[in-house]
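[1] prediction below, plus the sequence it came from.
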Amino acid sequence: MCRWLAYSGEPLRPSVLVLDAQHSLVAQSLNSPLGAETVNGDGFGFGWYPEGSTAGSVPALFHSIEPAWHDENLRELTESITSPLFFGHVRAASGPPIQRTNCHPFRHANWMFMHNGFLDSFTSIKRDLTFSVDESLYPSIRGTTDSEVLFYLALTLGLQEDPVGAMGRAIRRVEDLGRAKGIAFPVQGTIALSDGATLWAFRYSTSHRSRTLFHSVAIPALREMYPEADRLHQFGDTAKVVVSEPLNDLPGAFVEVPESTVAILDDSGFHHERFLDDGE
């Protein structure tokens with residue numbers, strides 16, 4: 001459906017990953033070997049926390065319905081700023097119209113959210129899902145995508161206090177409504193979520209055949225593995241990236257996030273937790 005990347009660590013020029021990597025996000029928008037769609041040209045989005053941001057800082061957003069490879073502003077922006085945490089997303093529309101308000105990432109206060117996947121037969125459960133969103137949050141939904149509704153449903157269910165638990169409750173709500181409508185596998189996809197300090201990356205689908213998701217290994221370990229790779233010196237020791245598919249072909253540079261798992265990344269590194277295992 002889409003491709004995305006999320007970075008956290010020392011402040012970095014986003015173009016290093018969005019434009020210049022061997023398999024950059026822009027390159028994946030043109031050719032995505034591991035994606036459900038090879039080309040992701042139905043708009044893009046870029047969100048970032050400015051350098052010097054403190055806890056609770058509101059991220060900035062840039063959305064466009066241009067293909068990522070065709071938008072000069074994306075190059076200008078990502079080559080000009082530095083950010084300690086940013087999201088990039090290229091879209092392949094599966095139904096909702098191509099418009100700026102449907103481009104990821106989505107934002108609420110200091111939170112950012114993006115999704116690669118879909119809620120199956122969304123139109124048949126849209127009314128019930130939307131009515132499940134808190135009345136105070138509903139006016140903030142600006143687009144027509146299933147992803148944005150899922151984000152606001154998770155906010156309704158406590159995302160700001162308990163990100164992993166709230167995302168699980170939101171997904172279970174979708175599954176319950178979907179199965180009541182005869183939808184066998186209501187949820188598919190990978191999700192990135194951040195409050196500006198921590199990055200959560202979820203890989204989950206009702207069918208347990210989710211979209212691909214990877215994250216980088218520790219930069220110091222990579223430098224030991226590939227001492228001749230000068231490019232690695234662009235990154236600080238705490239730099240880490242989560243991606244729909246690897247940004248380079250270096251063996252061992254990326255770890256696949258297992259099915260039904262959330263990867264949690266912060267300044268201390270990363271760890272995995274099981275997410276919505278059967279029986280929960």
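    Alright, I've got the coordinates.
[2] packing partners of the longest strand anywhere in the chain?
    Longest strand of the chain, by residue count under DSSP state E: strand 2-12. Strand 2-12 is packed against helix 15-18, helix 25-30, strand 83-91, strand 111-119, strand 187-194, strand 199-205, strand 240-243, with contacts defined by 3 or more C-beta pairs under 8 Å, 6 or more residues apart in numbering; DSSP states H and E. For the C-beta atoms, the positions are set from N, CA and C on the backbone; glycine is no exception.
[3] redo these as JSON lines? Include mean pLDDT, mean neighbour count and distance to Glu256.
    Shown next, in JSON lines, are the helices and strands packed on strand 2-12 (pLDDT from 0 to 100; neighbours: other C-beta atoms under 10 Å; distance: least, C-beta to C-beta, whole Å):
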{"stretch": "helix 15-18", "mean pLDDT": "96", "mean neighbour count": "22", "distance to Glu256": "18"}
{"stretch": "helix 25-30", "mean pLDDT": "82", "mean neighbour count": "24", "distance to Glu256": "16"}
{"stretch": "strand 83-91", "mean pLDDT": "94", "mean neighbour count": "28", "distance to Glu256": "20"}
{"stretch": "strand 111-119", "mean pLDDT": "96", "mean neighbour count": "25", "distance to Glu256": "15"}
{"stretch": "strand 187-194", "mean pLDDT": "97", "mean neighbour count": "24", "distance to Glu256": "11"}
{"stretch": "strand 199-205", "mean pLDDT": "98", "mean neighbour count": "24", "distance to Glu256": "9"}
{"stretch": "strand 240-243", "mean pLDDT": "96", "mean neighbour count": "24", "distance to Glu256": "11"}
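[4] tabulate those in TSV, adding columns for distance to Gln234.
    As requested, the helices and strands packed on strand 2-12 are exported to TSV (distance: least, C-beta to C-beta, whole Å):
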stretch	distance to Gln234
helix 15-18	6
helix 25-30	16
strand 83-91	14
strand 111-119	23
strand 187-194	22
strand 199-205	19
strand 240-243	12
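[5] pull out the buried positions in the longest strand of the chain.
    2-12 (16 or more other C-beta atoms under 10 Å).
[6] and that strand with strand 187-194, angle?
    Strand 2-12 runs at 20 degrees relative to strand 187-194, counting by axes from the mean of the first three to the mean of the last three C-alpha atoms, to 10 degrees.
[7] partner strands of strand 2-12, with direction?
    In the sheet, strand 2-12 lines up against strand 83-91 (antiparallel), strand 240-243 (antiparallel) (DSSP bridges).
[8] all helices for the stretch 51-200 of the chain, in order.
    According to DSSP state H, counting those that start in this stretch, the stretch 51-200 of the chain carries its helices in the segments 72-80, 122-131, 146-156, 163-180.
[9] out of these, which one sits most buried?
    helix 146-156 (a mean of 24; mean count of other C-beta atoms under 10 Å).
[10] nearest to Arg179, out of the helices and strands packed on strand 2-12?
    Among the helices and strands packed on strand 2-12, strand 187-194 comes nearest to Arg179, with 10.7 Å by C-beta to C-beta.
[11] how near is Ser57 to Leu193?
    Look at Ser57 and Leu193: by C-beta to C-beta, to the nearest Å, they are 16 Å apart.
[12] no wait, Pro220
    In this view, Pro220 and Leu193 are 26 Å apart by C-beta to C-beta.
[13] before we move on, what about Thr78?
    For Thr78, the distance to Leu193 (C-beta to C-beta) stands at 21 Å.
[14] kindly report the same for Pro14.
    18 Å.
[15] these two touch, right, His215 and Val243?
    Yes. Counting by C-beta atoms under 8 Å, His215 does reach Val243; the two are 7.2 Å apart.
[16] find residues that contact each of these two.
    Overlap of the contact sets of His215 and Val243 (by C-beta atoms under 8 Å, 6 or more residues apart in numbering) consists of Phe254.
[17] any chance of the strands paired with strand 2-12 in TSV, plus distance to Ala170?
    Listed next are those as TSV, based on distance: least, C-beta to C-beta, whole Å:
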stretch	distance to Ala170
strand 83-91	19
strand 240-243	20
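[18] nearest to Met167, out of these?
    strand 240-243 (15.0 Å).
[19] work out the gap between the closest one and the centre of the chain.
    Here strand 240-243 shows a centroid-to-chain-centroid distance of 10 Å under the convention C-alpha atoms, centre = their mean, to the nearest Å.
[20] which is the succeeding secondary structure element to that strand?
    Remark: after strand 240-243, the chain's next helix or strand is strand 254-256, criterion DSSP states H and E.
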